[in-house]
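[1] predicted coordinates and the sequence they were generated for:
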2 protein chains.
Amino acid sequence: MKLPQPLIDLIKTGRDAHLVTMNKDGSPHVTIVWIGIENDEIVCAHLPRNQKVRNIERDPRVVISIEAPTKSDYKLTEYAVLYGEARITEGGAPELLQKLARIYIAPDAKFPPMENPPPGYVTRIQVTRIEGVGPWMNASE
Amino acid sequence: MKLPQPLIDLIKTGRDAHLVTMNKDGSPHVTIVWIGIENDEIVCAHLPRNQKVRNIERDPRVVISIEAPTKSDYKLTEYAVLYGEARITEGGAPELLQKLARIYIAPDAKFPPMENPPPGYVTRIQVTRIEGVGPWMNASE
């Protein structure tokens, strides 16, 4: 689906993203990642072929949840839950991490911190459903 | 497992908790909830018998992830991921929500906002494994 503008605005401010992937035994695995948007897909980067990369290669179902800095009428934290289908592409991780580090850490941040990082992996997520509390809930196109 | 003190300290400051439960078809479901600690278990409350209550009744596997206000050496957000087994008990939701509202909203907050709320449900989670980045990682007892 096309991402609604309030969701794009939220993601572009650099909110930590809780990424759920599915383990081999059907149990969920959760880590926090940095996310960006490319071609209307959510993207995140991984230097090693870690558990989440292996999980997505086996089962494309993922969920990303993001806290917003805003509060609802009842003073609850607004948030977005993005259900989607992910795929892994090889390479490009250092470049994406460097781009996201300027948003998530500081405009002059250098990341990854090591010299000559491996090419790594990029996860690309097509969002299929948006849940949560906030203006992205009624903004789907 | 016994919860390590740094994790107890983190939870007691009222951090939003991303709760993963398992749908009937094996896909993950995510919402944000308020959490507390009772008898070394993580607790959260629900007024209606909602999707997460029904999911836990069918499949006790849950994950809670929490962002900390602190940063790691590389300026990444510290966080805790709590893997556990949950069970539902009936009643007590308004009382637990009122107690948590004083932490999550304000010391004088009234919650739930309605008069005569239903007794609802309380989720009680035994934590079996802690992942993430932060002092709770090396503090298990």
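    Yep, that arrived.
[2] tell me the residues of chain A that contact chain B?
    Counting by C-beta under 8 Å from any C-beta of the partner chain, chain A comes close to chain B at A:16, A:18, A:20, A:22, A:26-32, A:61, A:63, A:65, A:67, A:74-75, A:77, A:79, A:81, A:83, A:105-106, A:109, A:111, A:113, A:131-133. For glycine as for every other residue, the C-beta is placed from the backbone atoms N, C-alpha and C.
[3] middle-most residue in chain A, spatially?
    In chain A, the centroid-proximal residue (C-alpha atoms, centre = their mean) is residue A:35; its distance is 3.7 Å.
[4] still on that earlier bit, give me the buried subset of the residues of chain A next to chain B.
    Among these, those classed as buried by 16 or more other C-beta atoms under 10 Å in any protein chain shown are A:16, A:18, A:20, A:22, A:27-32, A:61, A:63, A:65, A:67, A:77, A:79, A:81, A:83, A:105, A:109, A:111, A:131-133.
[5] just checking, residue A:45 touches residue A:119?
    No. Here residue A:45 lies out of contact with residue A:119, judged by C-beta atoms under 8 Å, at a distance of 10.2 Å.
[6] these two - which one has more neighbours?
    residue A:45 (22 against 12; other C-beta atoms under 10 Å in any protein chain shown).
[7] from residue A:104, how far out is the more buried one?
    Note on residue A:45: its distance to residue A:104, by C-beta to C-beta, to the nearest Å, is 12 Å.
[8] hey, what's in contact with both of these two?
    residue A:34 (C-beta atoms under 8 Å, 6 or more residues apart in numbering or on different chains).
[9] now residue A:8: which helix or strand?
    Assigned by DSSP states H and E, residue A:8 belongs to helix A:5-12.
[10] between strand B:17-22 and the helix or strand that that helix is followed by, find me the angle.
    On the C-terminal side of helix A:5-12, the closest following helix or strand by DSSP H and E is strand A:17-22. Computed by axes from the mean of the first three to the mean of the last three C-alpha atoms, to 10 degrees, the angle separating strand A:17-22 from strand B:17-22 equals 20 degrees.
[11] off-centre distance for strand A:17-22?
    Averaging C-alpha positions (C-alpha atoms, centre = their mean, to the nearest Å) puts strand A:17-22 8 Å from its chain's average.
[12] go on, stretch A:73-82?
    Using C-alpha atoms, centre = their mean, the mean C-alpha position of stretch A:73-82 is found 18 Å from that of the whole chain.
[13] burial of the nearest residue to residue A:135 once chain neighbours are set aside, as a residue count?
    In this structure, residue A:135 finds its nearest non-sequential neighbour in residue A:6, 4.1 Å apart by C-beta to C-beta, 6 or more residues apart in numbering or on different chains. When neighbours are counted by other C-beta under 10 Å, residue A:6 registers 17.
[14] so residue A:6 sits against residue A:134, correct?
    Yes. Contact criterion C-beta under 8 Å: residue A:6 and residue A:134 qualify, at 7.0 Å.
[15] so what's residue A:29 up against?
    Residue A:29 makes contacts with A:20-23, A:51-52, A:55, B:63, as judged by C-beta under 8 Å, 6+ apart.
[16] rerun at 10 Å
    Taking C-beta atoms under 10 Å, 6 or more residues apart in numbering or on different chains, we find residue A:29 in contact with A:19-23, A:50-52, A:54-55, B:20, B:28, B:63, B:81, B:83, B:131.
[17] what of residue A:57?
    Counting by C-beta under 10 Å, 6+ apart, residue A:57 touches A:21, A:49, A:86-88, A:121.
[18] got a ChimeraX select line for the buried ones in the residues you listed?
    Command for ChimeraX that selects the buried part of the contacts of residue A:57, burial taken from 16+ other C-beta under 10 Å:
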select /A:21,86,88,121
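[19] still on that earlier bit, quick one: the residue lying closest to the residue nearest to the centre of chain A once chain neighbours are set aside from residue B:92, how far?
    In this structure, residue A:35 finds its nearest non-sequential neighbour in residue A:17, 4.4 Å apart by C-beta to C-beta, 6+ apart. Residue A:17 sits 33 Å away from residue B:92 when distances are taken as C-beta to C-beta.
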